[in-house]
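Chemist: Provide a 3D model corresponding to the input given below.
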Amino acid sequence: MLGPDIWPHPASSDRSASGASAPAISRAMGKASRPFYCALAGNLPSPIFSDWPPAVSVITRRRALSLGIAAAALVLASAPLPGLRRPLQVAVGSELEQPLQQLEPLFERRHPDIDLRWQVQGAQDMVNQNLEGRPDRSRVLIPSNREQLRAFQAALAAQGEPAPFSREPQPIARTLLVAVVWPDRAARLFPDGGFSWARLKQAAAAGQWSALGGPDTWGSFDLRTTDPLRSNSGQMTLALWSRDRPTAASVAVLKRAVYRPARSTDILLREFISGGRNDGDIAMVYEAAALMRSAEAQQRWPGGYRLMVPDPTIEMVLAAAVLRGEAMGRQADGERFVDFLAGEEAQAALRTLGFRDLDGRGGDPAANRVRRLPPPDRAQLDDLLRLWQQAG
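Modeler: Alright, predicted model coming up:
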């Protein structure tokens, strides 16, 4: 606001020469006249304005505005708005749920225009639920066993459908079927220190720890596996169990011993750790999952669980396939994600999480000394699943 030395009024009268009062003149001139007075004041010798900074020129302001617009455009170009990112849905086995939490930001940093989403499914569920094209089905399938993708392709071929994948499924990692056992149970069940299918079958047939020389307080012998009708690790357990005697009686013994079959391997392992000995004595899971959750088990139960490797065991190859046709996400984006998984950055992350390289190296060193069998073919597996369904 201007002081009285800038806007003086006559000392003797508040009227102008025309007879109008000074306040009336000021009101009539209004705000439009203020720049004039300010400019005038800037040339006056008043101490009030002597320290004012110089005015910014119109050209300087325009240049600053142009630079601001250019900077904003650069930011928008490098970081797309969330609503403009393309969704890409991937179906994975539960053993990949934790790895994807690490891989997602790495992939999206390389491809900021893609919004990676994933859905956890058992391997058999993944095959059954994605046979028909629809907008909400996953664009990329990564079951825990490459054989599931071959079964998927065979099922569609039997219906006269064209090849379902945009290209040959890409192997990304390997893992083994292993057992996790609470240490006191392992000492009683496997007194020789190594895993034995014969001893496991003996315990399953006995049904009670007291029959194996264990305390009565341990109660029933509880084996944990996934449901073979829904999950690959349950199918591989069934195959190894029946390797020397694929009979209905043998499968029935296994089914009676299995306590609450889970729908996926990682769900099974989380329940096993959470419930401790009350939720199972031994569980058949993937080596990678057992290594990933080992620290969690040690934190929950002093000493954790013991990882034991059957001899022989089955080695699975995890592979990623991109579906043609209707699905959530572009086919090209799915192929970019698969290429990323095969790259060194993703491979290094998978190795640190317990998966084996494509050449089989890595994982638990104790597993390097055992025989590794390939998964059974589809015909063999279908026969075993029929026996499982028929068992009481």
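
Chemist: would you say P171 is within a strand?
Modeler: Yes. Going by DSSP: H, G, I helix; E, B strand; the rest coil, the assignment for P171 places it inside a strand.

Chemist: report the separation between it and P135.
Modeler: Taken as Cβ to Cβ, to the nearest Å, the spacing of P171 relative to P135 amounts to 29 Å. From N, CA and C alone the C-beta is placed, and that goes for glycine too.

Chemist: what does M284 give?
Modeler: The spacing between M284 and P135, counted by Cβ to Cβ, is 37 Å.

Chemist: who has more neighbours, P171 and P135?
Modeler: When P171 and P135 are compared for neighbours, P171 comes out ahead with 14 against 7, by other Cβ atoms under 10 Å.

Chemist: the more buried one reaches L358, doesn't it?
Modeler: Yes. Using Cβ atoms under 8 Å as the test, P171 is close enough to L358 to be in contact (5.5 Å).

Chemist: and for the two, which residues touch both?
Modeler: When contacts are counted by Cβ atoms under 8 Å, 6 or more residues apart in numbering, the set common to P171 and L358 consists of V317.

Chemist: what's the helix or strand for the nearest residue to G354 once chain neighbours are set aside?
Modeler: Once flanking residues are discounted, G354 sits nearest to L291: 3.2 Å by Cβ to Cβ, 6 or more residues apart in numbering. Mapping L291 onto the secondary structure by DSSP states H and E places it in helix 287-292.

Chemist: who does that helix touch, helix- and strand-wise?
Modeler: Secondary-structure packing of helix 287-292 (3 or more Cβ pairs under 8 Å, 6 or more residues apart in numbering; DSSP states H and E): strand 170-181, helix 265-275, strand 306-308.

Chemist: next, the angle strand 170-181 makes with the second one.
Modeler: Calculated by axes from the mean of the first three to the mean of the last three Cα atoms, to 10 degrees, helix 265-275 forms an angle of 30 degrees with strand 170-181.

Chemist: give the bridge partners for L116, please.
Modeler: Note on L116: beta-bridge partners L88, judged by DSSP bridges.

Chemist: that one is in contact with E104, isn't it?
Modeler: Yes. Between L116 and E104 there is a contact at 5.1 Å, judged by Cβ under 8 Å.

Chemist: neighbour count winner among the two?
Modeler: Between L116 and E104, L116 has the larger neighbour count (other Cβ under 10 Å), namely 23 against 15.

Chemist: contacts only, for that one.
Modeler: Residues in contact with L116 (Cβ under 8 Å, 6+ apart) are L88, V90, E104, F107, E108, F337.

Chemist: of all the residues you listed, which comes closest to V258?
Modeler: Within the set of these, V90 lies nearest V258; the separation is 29.8 Å, counting by Cβ to Cβ.

Chemist: which residues touch the closest residue to N232 other than its chain neighbours?
Modeler: Distance criterion Cβ to Cβ, 6+ apart; nearest residue to N232, sequence neighbours excluded, is A123 at 3.7 Å. Taking Cβ under 8 Å, 6+ apart as the criterion, A123 is in contact with G93, P143, S144, N145, Q148, S231, N232, Q235.

Chemist: which ones among these map onto helices?
Modeler: Among the contacts of A123, DSSP state H puts Q148, N232, Q235 in helices.
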